[in-house]
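Visitor: task: produce atomic coordinates for the following.
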Amino acid sequence: MKQIILLGLLILSFSAQADTDYTQGVFFVNEDWYGHQNSTVNYLLPDEPNGEYWTYRVIQRENTGMELGCTNQFGAIWKDRFYFIAKQDKDPGASVAGGRITVADAKTMKILYQTSLIDPSGQQCDGRGFLGIDENKGYISSSNGVWIFDLDTYEVKGKIYGTDNPNAGDGKPNTDSSGALYFGQCGSMVMSLGKVFIAHQQNGIIVVNPNIDTVDKTIGMDVVADGAGVGSLVVAKDGSVWASVTRDVKGSGSALPYLLRVDPKTLTTEVVPLPEGTAAPSNSWYAWTPDTFCASSITNTLYWSGGSNSWFSGRQVFKFDVDTYKSTKIIDLDADGENWRIYGCSMRLHPVTDELYVSLYHEFSKPVYVTRRYRNDGYKIKEYSMIENYWFPSIPVFPQANGNDASGLPDDILLDKSDRVGVIYNLHGRVVKSNVEFGNWSGLDAGIYIWRNSSKSHKFIL
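Guide: Numbering: from 1, shown residues only. Just a heads-up that it's a prediction; the model follows:
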């Protein structure tokens, strides 16, 4: 009888694992403990009624004997697939080889493809980020250029000429901070109005035409200050592209108190000084991370953490209104008195609720972490404790953002604020919503709609 009961429990346990729904919560991609193990992914169900919020190490859980690569800083869900980009394919302390590129089914977390190389020639090329371009193509940024990735065959089709690391090929190992790996990298990538914008450590912002995979223009950061560099890039809800600004291109972590706004239609720039008392967005090229610099999908606002020492100053979070250029400090962890700090780049906004998810830690030497959930004004909603481990979290990733970005903004939609409000009609010509800002399709049922104002009309499908 006891054997039957145990067998039943095992079947129930297996069924619960097989039926895990990975489409409702929040993923956290973790660097994990360098020198000891490969990177990991945890899954949070923030409103789980029984309080069992966390599912840990979901890649290992769903893929027996398989793991991610080493220091996997970036993950993105695009068209029902989860793209993980690691710096190397295997941690020195791990027993399992992972990959620099790992592709998983975003609904089941089953690995579909994995490779140890980004550069097919085998030359040193460590992973940075991923950007979905369309159904068939993505871009992978790296320590040596941006690579074209075929999403149907999982083949790297070549590098975009003009995105290279000019110092590549010096032969120094990736642990040598004087090597080419830490100079001339490509980092964050965003898309708006059919153009791709790439943060290049030495050259500034590289603008690429994704239809033909060629560089259209390079925007040097000397428009802000002599010797300045780009930190990372985000796209605001109105389609404008924003860059954080580094003091130099050496990866020192120092920041300048400015943002750079780029009009994606004309590629004109505007240097925006940050108000006194507002710390600039943190940045990290030396040990590259995607940074905390991020944008809301719901409101025309930007968010970041910052302080006097950039990457290691994750105690304050600022909110920046793109329409008014007003900034507000919304989180001050020093005021909590609990000695928490934001780890690295681990802060992003939920694309539906507009809530901030943030990973916090005390000290590097202590394996104690919590995840906090805030309203977009900085009010703490809930805190989720975690089992002890050196997670070293990277970015939160939201299944609800599956394949959503700013690339779909049509070229004839201007960014002028006065020209972005219209009326939504259904196909029968009836008004569904009035005074709607372009792109704000929240609250609509699935169907075909037309957004229109006095000068423009746009058809869209939900």
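Visitor: neighbouring strands for the host helix or strand of residue 138, and are they parallel or not?
Guide: Element membership for residue 138 (DSSP states H and E) is strand 137-142. Strand 137-142 has the following sheet partners, assigned by DSSP bridges: strand 127-132 (antiparallel), strand 145-150 (antiparallel).
Visitor: comparing these, which stretch has the densest surroundings?
Guide: Mean neighbour count (mean count of other Cβ atoms under 10 Å) peaks for strand 127-132 among those, with a mean of 25. (Each C-beta comes from the backbone N, C-alpha and C, glycine too.)
Visitor: and this protein, what are its domains?
Guide: Domain assignment for the chain by automatic domain parsing gives 22-401, 417-461.
Visitor: worst mean pLDDT among the ones you listed?
Guide: Least confidently modelled of the domains of the chain is domain 417-461, at a mean of 73 by mean pLDDT.
Visitor: before we move on, the earlier item: contacts for the strand holding residue 138?
Guide: 78, 83, 85, 101, 118-119, 125-133, 146-151, 156, 160, 185-189, 196, 198, 208, 210 (Cβ atoms under 8 Å, 6 or more residues apart in numbering).
Visitor: could you list every residue that touches residue 184?
Guide: 144, 164-168, 200-203.
Visitor: for residue 143, same thing?
Guide: Contacts of residue 143 by Cβ under 8 Å, 6+ apart are 87, 124-126, 128, 165, 168, 180-182, 185-186.
Visitor: now it. Nearest residue, chain neighbours left out?
Guide: Once flanking residues are discounted, residue 143 sits nearest to residue 126: 4.3 Å by Cβ to Cβ, 6 or more residues apart in numbering.
Visitor: could you pull out the strands for the stretch 101-250 of the chain?
Guide: 101-105, 111-115, 127-132, 137-142, 145-150, 155-159, 186-192, 195-200, 204-209, 214-219, 229-235, 241-246 (DSSP state E, counting those that start in this stretch).
Visitor: coming back round to it: can you tell me which of the domains of the chain is most buried?
Guide: Taking mean count of other Cβ under 10 Å, domain 22-401 is the most buried of these, at a mean of 19.
Visitor: endpoints of that domain, how far apart?
Guide: 13 Å (Cα to Cα, to the nearest Å).
Visitor: gap between the closest residue to residue 165 other than its chain neighbours and residue 400?
Guide: For residue 165, ignoring the flanking residues on the chain, the nearest one in space by Cβ to Cβ, 6+ apart is residue 184 at 3.6 Å. Here residue 184 is placed at a distance of 35 Å from residue 400 (Cβ to Cβ, to the nearest Å).
Visitor: check residue 338 too.
Guide: 30 Å.
Visitor: can you check residue 47 too?
Guide: From residue 47 to residue 400 the distance is 13 Å (Cβ to Cβ).
Visitor: same check, this time on residue 324
Guide: 28 Å.
Visitor: can you check residue 353 too?
Guide: Where residue 400 is concerned, residue 353 sits at a distance of 9 Å (Cβ to Cβ).
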